[in-house]
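Trainee: Here you go, sequence then predicted model.
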Amino acid sequence: METYERRRARLFVVTGFAVEVVGSLITLGRLISQGYFSLSTASSIELLLSDLAVLVSVWAWWWLTKVTVSSDDQRSFMSRAFYGLALASILFTSVALVTLFQVPGYIQHGWDLAPLWAQGIGELAKCLGFVMMAREFTWTDAAHDAESSPGPVDADLAS
């Protein structure tokens, strides 16, 4: 059965991906409404591939969360993998924020910058979810160790 912490972590990551998809759809809708796709086929393909990459990432991540581990080494690898994903997400958040605050002549709100805000917020939510998933494997290790070692009462009974 899935733990509460894992469900909560999954909620953060799914929310992060969903916010990013909304940002991508805003960009896509604005570009279509401005006739941008008729100007450049390469740019059209780039935007569609970007949206497809987010969907494939969700798919791959979903299957990664279904993995069960059976040894301490595997728990450590899974924990490190999720911390690595969290680090990547925080770096993407940093890129979005740097881009947002270096855009000259724009106010940092409005529909023009909504996709960047969505990317930053989505990546931050994913980062939190990945950290929670990594900690879930760490907590599982601690619980596993506590179950396998005899407690003070068991030690007294054994002697």
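Mentor: Sure, I can see it.
Trainee: quick one: the longest helix belonging to the chain to chain centroid distance?
Mentor: For the chain, the longest helix by residue count, based on DSSP state H, is helix 114-148. Distance of helix 114-148 from the chain centroid (CA atoms, centre = their mean, to the nearest Å) equals 8 Å.
Trainee: swap in stretch 6-20?
Mentor: On CA atoms, centre = their mean, the centre of stretch 6-20 falls 7 Å from the chain's centre.
Trainee: Which positions within that stretch qualify as buried?
Mentor: With burial defined by 16 or more other CB atoms under 10 Å, the residues of stretch 6-20 counted as buried are 6, 9-10, 12-17, 19-20. The way it works is simple: take the backbone N, C-alpha and C, and place the C-beta from them, glycine included.
Trainee: How about residues contacting it?
Mentor: In this structure, residues lying in contact with stretch 6-20 by CB atoms under 8 Å, 6 or more residues apart in numbering are 54, 57-58, 61, 65, 89, 118-119, 121-130, 132-133, 136.
Trainee: Now which of those would you call buried?
Mentor: Neighbour-count burial (16+ other CB under 10 Å) is assigned, among these, to 54, 58, 61, 65, 89, 118-119, 121-130, 132-133, 136.
Trainee: in the helix or strand where Val95 lies, what counts as buried?
Mentor: Element membership of Val95, judged by DSSP states H and E, is helix 72-102. Residues 75, 78-79, 81-83, 85-86, 89-90, 92-93, 96-97, 100 are the ones in helix 72-102 that count as buried (16+ other CB under 10 Å).
Trainee: Among these, which one sits closest to Leu25?
Mentor: Nearest to Leu25, judged by CB to CB, of these is Ala96 at 16.5 Å.
Trainee: Which secondary structure element of the chain has the lowest mean pLDDT?
Mentor: When each helix and strand of the chain is scored by mean pLDDT, DSSP states H and E, helix 152-158 comes last, with a mean of 47.
Trainee: still on that earlier bit, can you tell me which helices and strands the longest helix of the chain packs against?
Mentor: Where contact means 3 or more CB pairs under 8 Å, 6 or more residues apart in numbering; DSSP states H and E, helix 114-148 is packed against helix 4-33, helix 72-102.
Trainee: Tabulate these (CSV), appending distance to Ala114.
Mentor: What follows is these, written out as CSV (distance: least, CB to CB, whole Å):
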stretch, distance to Ala114
helix 4-33, 5
helix 72-102, 11
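Trainee: Fine by me, we can end here.
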